[in-house]
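>>> Just the structure for this:
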Amino acid sequence: MNDPHIGHEHISKSYDVELSRLIDEIVRMGRIAAEQLASAADAMALRDSELASRVIDRDHAIDALEQEVSHDALRLLALRQPIARDLREILTALRTASDIERIGDYAANMAKRSIALNQTAPVPPAAALPQLAAVAGSLLSEVLVAYRQRDAALARQVWERDEELDRLYTATFRELLTYMMEDPRQITPCTHLLFMAKNLERIGDHATNIAENVYFLVHGAPLVGERRKGDTTSSVVEPKA
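Numbers count the residues shown, from 1 in each chain. Modelled structure (predicted):
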């Protein structure tokens, strides 16, 4: 029976086994990253420093898996000299592993910021971040399904939804900036929140990168069109006092 992930069998059964193992490693990485993001979001919302510390401590698991993926992918390239779809499989694995590793880093960064944030009183604009985290988590979960199932249509949906996360990030950025200007005492906690919001926006970008790679893997051609961006924070003009 054909492996649904690979799409066809090869003359060398050992190659199919090695390629399947590589894909399984990516899926496992993605699952851990999604759990890390969800835990970091919970730690932020619940002001739970103990949970945040566990997120930070677990980041090494994703790093270790990325090293395994890199080793196995380079071994396949060197020994099997793949072409066409097989080469795309390996290149997609390498790129996806890199994006997932960065997502894990951003989740850990959020956890570190939430520990620092817990040393201050709650800030009202922080209520916007759980929504950001929910959308980022949804994008990540969907793109991991797209990778596992080789679903180019779902990958394209993730690619298009990145704009939704960007718009939420821009709104949160503006709200936090206004809050800091109205009450300078809140500059420190709001700065932590700004970094956490940016972490979530970047997680969306990496999920979108994975979506682009899945689409290329399936079709052998890149997604047509420029990625729509809803992040307009670079053009925010400081309001007059």
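
>>> from here on, contacts and neighbour counts on C-alpha atoms
Noted.

>>> where along this structure do the helices fall?
13-46, 49-80, 84-117, 129-149, 152-182, 187-219 (DSSP state H).

>>> so the last one versus helix 13-46, what angle?
Taking axes from the mean of the first three to the mean of the last three Cα atoms, to 10 degrees, one finds that helix 187-219 is oriented at 160 degrees with respect to helix 13-46.

>>> what angle separates helix 187-219 from helix 129-149?
Per the same axes, to 10 degrees, the angle that helix 187-219 makes with helix 129-149 is 20 degrees.

>>> nearest to V123, of the helices of the chain?
V123 lies closest to helix 187-219 among the helices of the chain, at 7.2 Å (Cα to Cα).

>>> Can you give me the buried ones in stretch 182-197?
For stretch 182-197, the neighbour count (16 or more other Cα atoms under 10 Å) marks 186-187, 189-197 as buried.

>>> Give me the neighbour count for the nearest residue to V214 once chain neighbours are set aside.
Closest residue to V214 apart from its sequence neighbours, by Cα to Cα, 6 or more residues apart in numbering: Y147 at 5.8 Å. Using other Cα atoms under 10 Å as the criterion, Y147 is surrounded by 27 other residues.

>>> do the one 4 residues further on as well
A count of neighbours around D151, defined by other Cα under 10 Å, yields 18.

>>> which intervals of the chain have sub-threshold pLDDT?
Scanning the chain for pLDDT under 70 picks out 1-12, 225-241.

>>> swap the cut-off to 80 and go again
For the chain, the stretches flagged by pLDDT under 80 are 1-14, 80-83, 224-241.

>>> which of the buried residues of stretch 182-197 lies closest to E35?
Closest approach between the buried residues of stretch 182-197 and E35, by Cα to Cα: M196, at 17.0 Å.

>>> So that closest one sits against M110, correct?
Yes. Counting by Cα atoms under 8 Å, M196 touches M110, with 5.3 Å between them.

>>> which residues sit against stretch 71-88?
With contacts defined as Cα atoms under 8 Å, 6 or more residues apart in numbering, stretch 71-88 is touched by 15, 18-19, 22, 90-91, 93-94, 216-217, 220.

>>> ok, 7 Å please
Here stretch 71-88 makes contact (Cα atoms under 7 Å, 6 or more residues apart in numbering) with 22, 90, 94, 217.
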